[in-house]
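Enquirer: What follows is a predicted structure for the sequence shown.
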Amino acid sequence: MESANQSKVIIDDTTLRDGEQTAGVVFSKREKLAIARLLDGIGVQELECGIPAMGEEERDMVRSLVDLGLNARLITWNRAVIPDIEASLACGVGAVDISLSVSDQMIAHKLHTSRVGVVEQLKRALGFAKEHSLYVSVGGEDASRADLSFLAELMEITRALGGDRFRFCDTLGILDPFTMYEKVKALRTAVPELDIEVHTHNDLGMATANAIAGIKAGARFVNTTVNGLGERAGNAALEEVVMALKLACGIDPAIDTHRFHEISRFVGRASQRPVPPWKAVVGERVFSHESGLHADGVIKDSRNYEGFDPSEVGLRRHIVVGKHSGTSGLVERYRELGIELSRDEATSLMGAVRTMAQRVKRSLSDGELRSLHDSMQLTLRAA
Ligand SMILES: CC(=O)SCCNC(=O)CCNC(=O)[C@H](O)C(C)(C)COP(=O)(O)OP(=O)(O)OC[C@H]1O[C@@H](n2cnc3c(N)ncnc32)[C@H](O)[C@@H]1OP(=O)(O)O
Ligand SMILES: O=C(O)CCC(=O)C(=O)O
């Protein structure tokens, strides 16, 4: 596989387009503007921000995003037809994604055309966009099921007509990271002059892994969404892709990660899709430690059981006491409550802690811990 030291990776976040395509999700204009500001504020370089062909309300939304004057480049989604691109031009954006369905399945059974028909669509739409000086990503919808030589042909036409990059979409989320790597690498080799963008879906739980595989194979642009929102099982999550690039790949995408938790909560509320507490990177409880050996290890040195510091993503560490606790965790938790326990006292409380946790089927609250401690004191005094 390629070394981590490759030219800068660009995040194109599509929370405002594919994220909002999550069945049942609608962002208000105020929410869209706020999400755009938040993402721009942490350094996300591109925002796929809407579909002007949808109508006047969507165009008004996109115009308002343009008016924000963000640093991030705004890019809209378009079918490969001139009226869609005209609608984008009317919003004042300088960049468009022009989407082609590229698998034989979709060409025959959705578009009801042929590969030749798709090539014609590309030439017409890309030619028009370039006449209007737009920056163009050509989107290969369903590229993961398409014939690679056909994709290379489309990329070559894109390059020759001045297109700026090609988006390799695993539209149905059916690839594994090894196949993703091989396909993107093959396209990179076939048309090395044209940048590749990868767009991955999470139907098999591999969106983030596939995004990383695409980057390792030479893609320079990667699509993400906050919390992994998006069609069906969603897209690669912004927070996962960025932290995986930094920690697993040694690639710094130049994003300020400290506001990930805040942004995740905001999008969770705006989308009415609350973030599960165990959600990788931003879940409220992913830095909670209950198990005895883990709590002991973390108390001694957090690096024993944490791959990165919670503050890097705006979270906090929690030591909780429950069924699997040991004495170190118990002593630490009581210390947080202002109660100094000796190890012997902690050991003698363990049985009662486990019994109560088993009964209530969760970790113990501050009140429950205090009352167990009070009972122990009373018993000791009575003895
Ligand atoms: C994989 C993705 O996520 S791609 C993004 C998809 N996003 C969305 O669909 C959300 C917003 N969509 C919409 O508001 C509407 O679907 C619109 C405005 C785009 C189109 O609306 P309508 O004109 O009413 O058509 P409808 O929704 O039924 O779309 C189907 C048409 O688009 C055509 N189409 C689909 N993909 C493409 C493409 N890449 N290029 C050109 N035409 C396309 C279909 O062939 C079909 O045309 P037909 O009726 O001649 O067979
Ligand atoms: O740009 C495109 O062609 C489609 C992008 C997309 O949302 C997908 O393929 O899942």
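Expert: Great, that's in hand. Ligands and ions are numbered 1, 2, ... in the order given.
Enquirer: Quick one: the strands in the stretch 1-150 of the chain, in order.
Expert: Secondary structure of the stretch 1-150 of the chain (DSSP state E, counting those that start in this stretch): strands at 10-13, 46-48, 73-79, 95-101, 135-141.
Enquirer: Out of those strands, which gets nearest to Thr347?
Expert: strand 10-13 (49.8 Å; C-beta to C-beta). Glycine gets a C-beta too; all of them are placed from N, C-alpha and C.
Enquirer: Is the closest one positioned near ligand 2?
Expert: No: residues of strand 10-13 contacting ligand 2 under C-beta under 6 Å from any ligand atom: none, with a closest distance of 10.6 Å.
Enquirer: what's across from Thr200 in the sheet?
Expert: Thr200 forms beta bridges with Asp170, as assigned by DSSP bridges.
Enquirer: Was I right to think it contacts Ala211?
Expert: Yes: between Thr200 and Ala211 there is a contact at 4.8 Å, judged by C-beta atoms under 8 Å.
Enquirer: got the strands of the stretch 1-150 of the chain as TSV, with mean neighbour count columns?
Expert: As requested, those are arranged in TSV below (neighbours: other C-beta atoms under 10 Å):
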stretch	mean neighbour count
strand 10-13	24
strand 46-48	25
strand 73-79	23
strand 95-101	25
strand 135-141	25
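Enquirer: possible to save those as JSON lines with mean pLDDT and distance to His289?
Expert: Output for those, formatted as JSON lines (pLDDT from 0 to 100; distance: least, C-beta to C-beta, whole Å):
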{"stretch": "strand 10-13", "mean pLDDT": "98", "distance to His289": "31"}
{"stretch": "strand 46-48", "mean pLDDT": "98", "distance to His289": "36"}
{"stretch": "strand 73-79", "mean pLDDT": "98", "distance to His289": "41"}
{"stretch": "strand 95-101", "mean pLDDT": "98", "distance to His289": "43"}
{"stretch": "strand 135-141", "mean pLDDT": "98", "distance to His289": "43"}
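Enquirer: rewinding a little: identify the contacts common to Thr200 and Ala211.
Expert: Common neighbours of Thr200 and Ala211, using C-beta atoms under 8 Å, 6 or more residues apart in numbering, are 223, 236.
Enquirer: quick one on the thing from earlier: now for the strands of the stretch 1-150 of the chain, which one comes closest to Glu312?
Expert: Glu312 lies closest, by C-beta to C-beta, to one member of the strands of the stretch 1-150 of the chain: strand 10-13, at 16.8 Å.
Enquirer: what helices or strands is the closest one leaning on?
Expert: strand 46-48, strand 221-224, helix 238-248 (3 or more C-beta pairs under 8 Å, 6 or more residues apart in numbering; DSSP states H and E).
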